Each structure stands twice: as structure tokens, then as C-alpha cells.
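*Asks:* turn this into a model:
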Amino acid sequence: MRRLVKSSLLSLFAAGYASFGAPLESYSADLEIEPVSGICIENSPGISSYGPGNVCDSDCRQVSADPFYYFDVDYLFWSRDSGSATRPIIGGPQALNYGGTGSDFESGVRLKAGAAFETFELQFSWSRIDNWNSTQSGQLVNGISFDSGINTSFAGANFINGTTGFRSLFAAAEFNPGGGPDETLEDEGLGPVGIFADAAPTFNVQYRSDFNDYEFITKFAPITSRIKFGVGWRHADLDELMSASINGTFRAVDNAVGANGGLSHAALTAANGGNLMLISGAADGFDDETGLLGGVGPDMLNLNERASTTNSLDGVQFSLDLLVMESDRFLIDTILKVGAYNNKTTGTFVETYSGIGNDNSVYGRTLTDSSNSVAFVGQVGLGTMYRFNDYVRFRFGWDVIFLSGVALAPEQTTVANTTYTVNNDGSLVINGGHVGLEFVY
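*Replies:* Numbering: from 1, shown residues only. So this is what the prediction gives:
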């Protein structure tokens, strides 16, 4: 009996061992495999931006992914277009304005760092574009009238008035206090005019912008999802400077008896005149060729007008990332951002009128204002990524950023020649490409 039991157990053990050691393939028909939809993740650093692992076959098993970290460095080539509806600097046949400035591409940098977990992602980025700078310079053909002489002595010339730049100079040239120096008895401006064949005025117009952008955002980003939703904080700085400078020979053509041969100190400094201050030099205004106001004429004049603005935006933004296409090596995604911000704005408006050559008088004024207002920022981006390996990726794409409710330098001006209120109703479009690398750990 013992031998029979022993023999039976040995036979059963041998059969079980043989069945345990049989290849899995021989039982494939008996197994039911449930397909896994979406992206399957292996527990290793990988090459997918929307998860730390590689894309694997549809019959692999999903497992939890370890956190991974990434760092991006991008070279930016962005342009800016304000589309400012600005006043002219001077009117006339060679009218000058700030239109057409500021649309060149400039270089910048963007740095981005982030940490991705199984269901969420933390990201910080910084972008900077320095010195969007556009310049116009040249020489006019005609002179520039400072007053109503545009209808008489300076007919056909360029002009300044209450709607152009250099408004304080126009107010001084129209000064008539009824008992003091009457500037309406002569037509003032920069030659050439009439018998005075002076060299035509020269000009230089400059418009510059700088842009800094900081973002911190938290995203709901499951590693198997093609969509990420984010909310976070954004701070942006937009600083602008515009300036216009004109040089020419000062002329005062008499149109009535009693003309004073120039633009008097009283006319330049009176509250109902130019409303300027004497900054340096003699308090004798500016002379024509007669030299009646003092010194030797005619004076050479430099007209300079400059406005600068700073915009400091802080607020909450929302983001949406969408994975459009992914293969073993390529990835294409889009991003949408939108937010509302408090914009702390400061504006400074400066006018300076300097005698050069025969005169050392310098008149001018500086006006400042600040405000807080609501601004909006929106951004759309399209990006492509090529994966060299699990740790290094090549990035390139295009970005468009829209800012509304910001103070733009060319839109700043005085009100009725006496006060200045910062104008923060401007809008700006920034767009351009980026090329860079991403490193993943």
C-alpha cells in the first residue's frame, strides 16, 4: 500500500511540475487580455511631455509613474505691434508720427522649470525681450511753422498746433497777454521761410519697448491625459520710451508793427503761454536774425519731446494645454492662456527747448502721473518637439501674446497744454517664434 501511495504522489507531483514549467504561449488561447486605451506608461524616465514614460503597445499594463522634472531654455525672436492711434509729431507735407515704428523682431530668452507628478504639474517660467527699438531720422524739405503763420509767411510748410507734438511751443508762439509781449505780431518757426534759405530741419524719432514676464502655474495634468488645465499667477512688466527731436534755424517773420524779433521769455514761461520753466542759460527767450531779445541771432533750436511709461501687471491666469499629435519622436501641442490683472502704471512726459550755437537758453517741463487699472492678457501658442532620447528634446514653435489696458508711450500727451494724465487704454500684440532645448530627469 505504501508503495502504491508513494507512486501515486510522485506521478501527481511530476505532472504538476510539468504543467508549471510549460511555456505561457501554449496557454495563450485560455487567457483573456483586456485592452488598455490611451497612453501606457512604464515606470521609467521617458520621452512624453504629457507623462514621464514612453508610449508602449496597447496590451501593456498601466503602472504608476515616478515624478519627473524638466528644464527648458528657449531663444525668442518676437516682434511687437501696438497699432497706436497716435497724434502726429508735426503736420504738413512731411508729417511725422510714430506709426510704422516698433514692428521689428528682437531677440530674447525664456527659461522654464517644472515638476510633474501622476496627476498634477508645477511650472515656473521667465521671459524677457530687451530693446525693441525703432528709429526714424532724416531731413525735411520745408520749414516748420509754430503758429498761425502757416496761413501766411509759412504757407505750404510743416506745422505744429494744439493737436500735434510740441504743444507748449505752439501756445508760446500764440501768446498775447494784452499788455505785454505780443507774439501774434510775427510768424515764428524754423526756416527755410521767405527770403531765408536756411537748411531744412533735421529730425530723429525713436520708439523703444522692454518686456519681462513671470509665471507660476499649477496644472491638473494626469500623465495619461492629452489635456492639462492650469491656474496660477502672472506678473508682466512693459516699459516704453518714445522721443522726437528736431533741429533747425529759428525765424520770426514780422506781420505787424511792434514785433519783438523772437520768442520772449515771458511767452515761454507764462501759465497761459508755453507754461515752461527756465532750466538753464539766459532768461532771454529765442532770437531771430535781428537779435532784439539779446545775443546774436538767428538762434539754432533743438525741440525735444519725450514720453516714458511703465506697466506692472499682476493677476490670476488660467491655461489649457492640448496634445494634438504624438509619435515616437515628434510631439505637437497647443496652449491657451487668459487672465485679468491689476496694472500699476506710471507715465512721464518731458518737453525741452534748447538754444544751440548762438544761444544757451534751455526751457522745459516734466509732468508725471500714475494710476491703477484693470488690464487683460491673452496668449496662444503652438509648439513642436523632437525627442533625441529620454532626456533631451528639441523645441520650436510660435507664440502670440495680446495685452489690453496698458500705457503706451506714443499715446501720451498733455491736456490743454497744462496737465498730464497717463493714458492706459492702449493695446499691444507680441508675436514670434521660439527655438530651444528641454532637459528631462
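*Asks:* CA only for contacts and neighbour counts going forward, please
*Replies:* OK.
*Asks:* grab the nearest non-local neighbour of Gly436.
*Replies:* Among residues not flanking Gly436 along the chain, Asp74 sits closest, at 4.0 Å (Cα to Cα, 6 or more residues apart in numbering).
*Asks:* that's a strand at that neighbour, yeah?
*Replies:* Yes: membership of Asp74 in a strand is supported by DSSP: H, G, I helix; E, B strand; the rest coil.
*Asks:* what residues are up against it?
*Replies:* Shown in contact with Asp74 (Cα atoms under 8 Å, 6 or more residues apart in numbering): 109-111, 395, 434-437.
*Asks:* that one pairs with what?
*Replies:* Arg110, Gly436 (DSSP bridges).
*Asks:* quick revisit: just curious, which of the contacts of Asp74 is nearest to Phe159?
*Replies:* Nearest to Phe159 among the contacts of Asp74: Val109, at 43.0 Å, using Cα to Cα.
*Asks:* quick one: pLDDT of the closest one?
*Replies:* Note for Val109: predicted pLDDT of 98.
*Asks:* looks like it contacts Trp78 (just checking).
*Replies:* No: with contacts counted by Cα atoms under 8 Å, Val109 stays clear of Trp78, the gap being 10.1 Å.
*Asks:* mind checking how far the residue nearest to Gly436 is from Ala283?
*Replies:* The gap separating Asp74 from Ala283 is 56 Å, by Cα to Cα, to the nearest Å.
*Asks:* can you add distance to Thr346 and neighbour count and give the contacts of Asp74 back as CSV?
*Replies:* Output for the contacts of Asp74, formatted as CSV (distance: Cα to Cα, whole Å; neighbours: other Cα atoms under 10 Å):
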residue, distance to Thr346, neighbour count
Val109, 26, 17
Arg110, 26, 20
Leu111, 28, 17
Arg395, 37, 21
His434, 31, 20
Val435, 34, 19
Gly436, 35, 18
Leu437, 37, 17
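*Asks:* and these, which two are furthest apart?
*Replies:* Within these, Val109 and Arg395 form the most distant pair, 13.5 Å apart (Cα to Cα).
*Asks:* tell me the one of the contacts of Asp74 nearest Ser245?
*Replies:* Among the contacts of Asp74, and counting by Cα to Cα, the member closest to Ser245 is Val109, at 32.2 Å.
*Asks:* so how far is Val73 from that closest one?
*Replies:* From Val109 to Val73 the distance is 7 Å (Cα to Cα).
*Asks:* any weak-confidence spans in the stretch 251-400 of the chain?
*Replies:* Applying pLDDT under 70 to the stretch 251-400 of the chain flags residues 294-295, 297.
*Asks:* mind redoing it with 50?
*Replies:* Under the criterion pLDDT under 50, no range of the stretch 251-400 of the chain is flagged.
*Asks:* re earlier: find the residues that touch each one of Val109 and Trp78.
*Replies:* Ile129.
*Asks:* and the gap between the residue positioned nearest the centre of the chain and Leu428?
*Replies:* Taking Cα atoms, centre = their mean, the centroid of the chain lies closest to Phe211, which sits 4.8 Å from it. Separation of Phe211 from Leu428 (Cα to Cα): 11 Å.
*Asks:* for Phe105, same thing?
*Replies:* Distance, Phe105 to Leu428, using Cα to Cα: 14 Å.
*Asks:* and for Val440?
*Replies:* 34 Å.
*Asks:* for stretch 370-378, what is the distance to the chain centroid?
*Replies:* Centroid separation between stretch 370-378 and its chain, computed with Cα atoms, centre = their mean, to the nearest Å, is 14 Å.
*Asks:* so which of the contacts of Asp74 is the closest to Glu186?
*Replies:* Nearest member of these to Glu186, counting by Cα to Cα, is Val109, at 55.8 Å.
*Asks:* quick one: terminal-to-terminal distance for stretch 355-362?
*Replies:* 6 Å.
*Asks:* list the buried residues of it.
*Replies:* By 16 or more other Cα atoms under 10 Å, the buried positions in stretch 355-362 come out as 355-356, 359-362.
*Asks:* same question for stretch 390-408.
*Replies:* 390, 392-408.
*Asks:* would you map the helices across the stretch 201-350 of the chain?
*Replies:* Counting by DSSP state H, counting those that start in this stretch, the stretch 201-350 of the chain has helices at residues 265-269.
*Asks:* now the closest residue to Leu278 other than its chain neighbours: which helix or strand?
*Replies:* In space, and not counting its chain neighbours, Leu278 is closest to Tyr363: 4.5 Å by Cα to Cα, 6+ apart. If you go by DSSP states H and E, Tyr363 is part of strand 362-387.
*Asks:* tell me what that strand is packed against?
*Replies:* Using 3 or more Cα pairs under 8 Å, 6 or more residues apart in numbering; DSSP states H and E, the elements in contact with strand 362-387 are strand 277-280, strand 330-356, strand 392-406, strand 419-420.
*Asks:* who does the first one pair up with?
*Replies:* Right, strand 277-280. Counting by DSSP bridges, strand 277-280 is paired with strand 362-387 (antiparallel).
*Asks:* got it, and the third one?
*Replies:* Looking at strand 392-406 with DSSP bridges, its paired strands and their directions are strand 362-387 (antiparallel), strand 426-440 (antiparallel).
*Asks:* and if you look at the second one?
*Replies:* Strand 330-356 has these partner strands in its sheet, going by DSSP bridges: strand 300-326 (antiparallel), strand 362-387 (antiparallel).
*Asks:* list the buried ones in the first one?
*Replies:* Neighbour-count burial for strand 300-326 flags 300-323, 326 (criterion: 16+ other Cα under 10 Å).
*Asks:* give me the distance from it to the chain's centre.
*Replies:* In terms of Cα atoms, centre = their mean, the centre of strand 300-326 is found 4 Å from the chain centre.
*Asks:* for the shortest one, same thing?
*Replies:* Relative to its chain's centre, strand 362-387 lies at 5 Å (Cα atoms, centre = their mean).
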